[in-house]
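*Asks:* how does the following fold in three dimensions:
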Amino acid sequence: MPVLSVVGLLLALYVVWRVVWPLRVSTSIRGPLGLLVVALALHHRIVARFAGTMASPEIPTAAIAVLATGFTTLLLGALMVLLLDLALLGARLLRCPRATTALRAAYLRPAAFGLALLLASYGVWQGMAVPQTRQVEVVIDDLPAAFDGYRVLQLTDIHASRLLTGAWVAKVVANSNALAPDLVVITGDLIDGTVAARAADFAPLGRLRAPDGVIAITGNHEYYAQHAAWMQAFRAQGMQVLDNSHVQVRRDGAALTIAGVTDPVASNYGLPPPDLHAALAGADPAAPVILLDHRPGAARANAAQGVALQLSGHTHGGHIIGMDQLVKRANGGYVSGRYAVDGMTLYVSNGAGLWPGFAARIGVPSEITLITLRRKKG
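*Replies:* A predicted model of the protein is given here:
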């Protein structure tokens, strides 16, 4: 999160230099406008100083949406201006006077910010939308016949907060239950904030229903506020929380192993980091393993330990088309959708919700994922 603030500040200063200060208006207007741009870049820290934390701003929903729109506008607008400046540099180097004149037009960079504002407004609207269902079939070589057609519903990155409130969560739950899954799994980042702050927003998750129950793991955000209290709260809602452990699901004498690991950030709080070896200790060697791992980056190592299917989130699909190329570099090359990894299937969900600090999606829709298991034919 500090990296986000540093990058935002550098982009803000660039925008002030290239867009705000050249405006043909008085200094009494340019000065406050420049300060507003810088404030947008640092709004996470400013809000955290007075209301909540960077992970969980405790301000009204509309205020979060406005700040998110402004911050996204800053990022997109700065990128557009940078591209215009690079084009201008190229025109000058190539000695193209007409192109140089056109690219120096006074209206061009403010117009780019107008376009950025439109895109950002759409992106935040999409980020707050109730996710649609994505249906996926996964073939598992040694899947017992009793589990052919077994339906696993994956929710991840719900991020219940002052932005995505209990009413939103209730719609996600209703849409999930309508799919009638056999099992619900939640692969981390359920909440943002304290148990007291999120009591009403988190409550609808207790209404998730499936014959084989609801199994959850932690994401990085569960460690940012009251980890121990949240573990109690999850279990009080009827969830089975896997903490480097596993459970078995049985049908007609056959079994599936559902394993879950912690998030790497746990070690920063003196808690156990992810340990798949411990999670699988004592597991039936004949039962296929479905692993819940919030981050997808360890997929290759997990495949080497015999996992058949890994379900992950964390990336939010990259948020914005193009930005996924950066996000995947921090996640082992995995960012969205299905991957074949050394004989294992990895599925990375775009997530149902978003962290309030970057609440935009453009071309990367949120999702509720219904995964149907299939036995390999022949």
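*Asks:* how far does stretch 48-57 stretch from one end to the other?
*Replies:* End-to-end distance for stretch 48-57: 6 Å, by CA to CA, to the nearest Å.
*Asks:* neighbours around the closest residue to residue 251 other than its chain neighbours, how many?
*Replies:* Leaving aside its sequence neighbours, residue 251 sits nearest to residue 146 (CB to CB, 6 or more residues apart in numbering; 4.1 Å). Backbone N, C-alpha and C define where each C-beta goes, glycine included. By other CB atoms under 10 Å, 15 other residues sit near residue 146.
*Asks:* what's the pLDDT at the residue nearest to residue 129 when sequence neighbours are not counted?
*Replies:* Of all residues not flanking residue 129 in the chain, residue 366 sits nearest, at 6.5 Å (CB to CB, 6+ apart). Residue 366 carries a pLDDT value of 98.
*Asks:* who's in contact with residue 366?
*Replies:* Residues near residue 366 by CB atoms under 8 Å, 6 or more residues apart in numbering: 126-127, 129, 131-132, 350-354.
*Asks:* now the residues you listed: which count as buried?
*Replies:* By neighbour count, with 16 or more other CB atoms under 10 Å, the contacts of residue 366 hold 126-127, 131, 350-354 as buried.
*Asks:* mind putting the residues you listed in a markdown table, pLDDT included?
*Replies:* Formatted as a markdown table, these follow (pLDDT from 0 to 100):
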| residue | pLDDT |
| --- | --- |
| 126 | 97 |
| 127 | 97 |
| 131 | 98 |
| 350 | 98 |
| 351 | 98 |
| 352 | 98 |
| 353 | 97 |
| 354 | 95 |
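*Asks:* can you lay out those residues as TSV showing secondary structure and distance to residue 167?
*Replies:* Below are those laid out as TSV (DSSP: H, G, I helix; E, B strand; the rest coil; distance: CB to CB, whole Å):
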residue	secondary structure	distance to residue 167
126	helix	18
127	helix	16
131	coil	14
350	coil	21
351	coil	19
352	coil	14
353	coil	13
354	coil	16
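*Asks:* Serialize the residues you listed to TSV and add fields for distance to residue 182.
*Replies:* Converted to TSV, the buried ones among the contacts of residue 366 look like this (distance: CB to CB, whole Å):
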residue	distance to residue 182
126	30
127	30
131	20
350	22
351	22
352	19
353	24
354	28
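*Asks:* which of those sits closest to residue 28?
*Replies:* Among the buried ones among the contacts of residue 366, residue 127 lies closest to residue 28 (CB to CB), at 35.2 Å.
*Asks:* for residue 311, pull up the helix or strand it's in.
*Replies:* Applying DSSP states H and E as the criterion places residue 311 in strand 309-312.
*Asks:* the stretch 201-350 of the chain: strands as residue ranges?
*Replies:* 214-217, 239-241, 245-251, 254-260, 289-292, 309-312, 337-341, 344-348 (DSSP state E, counting those that start in this stretch).
*Asks:* ok, which of the ones you listed comes nearest residue 106?
*Replies:* Ranking the strands of the stretch 201-350 of the chain by proximity to residue 106 (CB to CB) places strand 337-341 first, at 43.3 Å.
*Asks:* list the strands paired with the closest one, with their directions.
*Replies:* Sheet pairing of strand 337-341 (DSSP bridges) gives strand 344-348 (antiparallel).
*Asks:* who touches the strand it pairs with?
*Replies:* Strand 344-348 is touched from outside by 136, 138-140, 154, 296, 299, 302-303, 307-315, 317, 331, 334-340, 369, 371, with contacts defined as CB under 8 Å, 6+ apart.
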